[in-house]
Structure formats: C-alpha cells, structure tokens
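K.L.:
could you look at this predicted model? Sequence included:
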Amino acid sequence: MPNSIVAIIYDTYSSAWLISFALLKSEIDKNNFGIISNYNLPLLNLFRAAEFVGLELKKELKDDNIAIIDVFGSKYGSRFEFKNVFYLNYVDPETINPKIDMIYEHEIKPILGNRTAFRVIYTLDGAALMLGENMTLKLLNQTIAVKTKLMPNSVLVLPINKDVVSQRFVAWITNISEYVIVASSKITEEEIEERLHLVKSPLEEFAPSTYTLWTTKGRKAERLRVKKLTPELGSLGKQER
C-alpha cells in the first residue's frame, strides 16, 4: 500500500536479506523509482549483492531509475564517481537527516518526476551499528514524519538482521511497520532449512501464514522461491509462488 513501511527481519544464516533487492527490482521493472540509503557496504560490494537477484544497480543508476545515498562511503571515505550516487560531506547523527532531506529535495525529486518512490534502508542494523540504536530510532521517526509529506505515496523497506541488534530495537520496528516479514533459518547436517513468516499486514483479508523459503541458481528475482505450508497438516501446499 502507498505510504507504508515493510520490515524484513531475518537471522544470520538466512537468505531473506535478498528480499529487499528482489522487491526493488520488481518495482523498477514496473517503472517505479528506487532509492537506497546504504549503511552497510562499500558501493561496489553493494552492486555485487544486488546482482544476486538480477538487479544491475550500475545500469539502473545510469538510466535514472535509481538513486543511492551512500552513507557508508561518506562515513569511511570510500567514494566513487557514479551518476545518481550522492554523498554527505560529514556523517553526524545530529545533522544527517537534514542533509539527506536536502539531497531528496534538490537531487532526487527532479529525477523522480511523477514516479512512485520505493525506498530501502540497507540495512537498518547497519545504521544502528553506525549511529547507535536509540539515535537510529529517533532519526527513523523523523524520516517517517518528513517523508509522509515529501513523498506521500512512497514505500519504505527496512531489512534487519535481528542477530545484530537488540530485541527492543526489533520490537519497535515491528510496531511501526504495516507489513512484517520474519525469516528464520536452521542448519541441519543435510541442509539449511528456512521458513518465511508473514506476520503482519493492514489488508482486511490478511491472516498470518508460513512458507518454506529457498533459493535457486541464476541471477534473477525469481531465484527466491516460497511454498506455503498448509495450516491443517503443516505440510507443503500445492501453490508455489
């Protein structure tokens, strides 16, 4: 839904960190506009991570389909000259939001045009490590309030590795999100078993549900596969998505 927040919560060994990139690729393919606030990786590593689901960030930057606010590169002096990649002159918790708002207003909005913005903070636990959990929550609340007016139809995606941050942090994000996806992994002697739980949605017909999650070969969004577990028997359902 427009003006909504999607939390994707996963653990250390889960492949669910790919979901935010897969969703972003899907939205760009629908002629929407992607915005990544990068707190986690050097820019070239971010490019490689997105390629796992066929998202070619370098191409999409060139084609004006995406913008990246590289907070990681700004903080640690890892800067590259790519079109539509923006940096902060200094990363300070007290001034970071006004600086990012200026980038949105003067750099991103002219590129965005009439398209819907699909925003990803990659990742929220990365922001918490960089800025502190309490400060990250404070800044996030400010961001939500400002962007509700500045980009009222946009969607905000918050991927979080729950093993990096506190339970209190995860609980707060779950509370403010309209959609909540929780992934859990289990390593056995034979394989890695993953479950994907859809636990929250504002849709009237929504009911919590659980799926098996696995990845296939190839570099495309469809490499992420899920199969619903039937609630009656707890066995694999027939519908695959």
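P.N.:
That came in fine, so what should we check first? Numbering: from 1, shown residues only.
K.L.:
buried residues in the longest helix seen in the chain?
P.N.:
Longest helix in the chain, counting residues (DSSP state H): helix 133-150. For helix 133-150, the neighbour count (16 or more other C-beta atoms under 10 Å) marks 133, 136, 137, 139, 140, 143, 147 as buried. For the C-beta atoms, the positions are set from N, CA and C on the backbone; glycine is no exception.
K.L.:
immediately after it, which helix or strand?
P.N.:
strand 155-161 (DSSP states H and E).
K.L.:
what bits of this protein have low per-residue confidence?
P.N.:
230-241 (pLDDT under 70).
K.L.:
which residue ranges of it form helices?
P.N.:
In the chain, the segments counted as helices under DSSP H are 19-29, 43-51, 57-62, 71-76, 96-103, 109-112, 124-131, 133-150, 167-176.
K.L.:
buried residues, the last one. List them.
P.N.:
When neighbours are counted by 16+ other C-beta under 10 Å, the buried residues of helix 167-176 are found to be 169, 170, 172, 173, 174.
K.L.:
the first one contacts residue 132, doesn't it?
P.N.:
Okay, so that is residue 169. No. Using C-beta atoms under 8 Å, residue 169 is not in contact with residue 132; the gap is 10.4 Å.
K.L.:
so who does the residue lying closest to residue 7 once chain neighbours are set aside touch?
P.N.:
Nearest non-adjacent residue to residue 7, counting by C-beta to C-beta, 6 or more residues apart in numbering: residue 177, 3.9 Å away. With contact taken as C-beta atoms under 8 Å, 6 or more residues apart in numbering, residue 177 is in contact with 5, 6, 7, 158, 200.
K.L.:
do residue 224 as well
P.N.:
15, 18, 19, 22, 53, 213, 215.
K.L.:
who does it form a beta bridge with?
P.N.:
Beta-bridge pairing of residue 224 under DSSP bridges involves residue 215.
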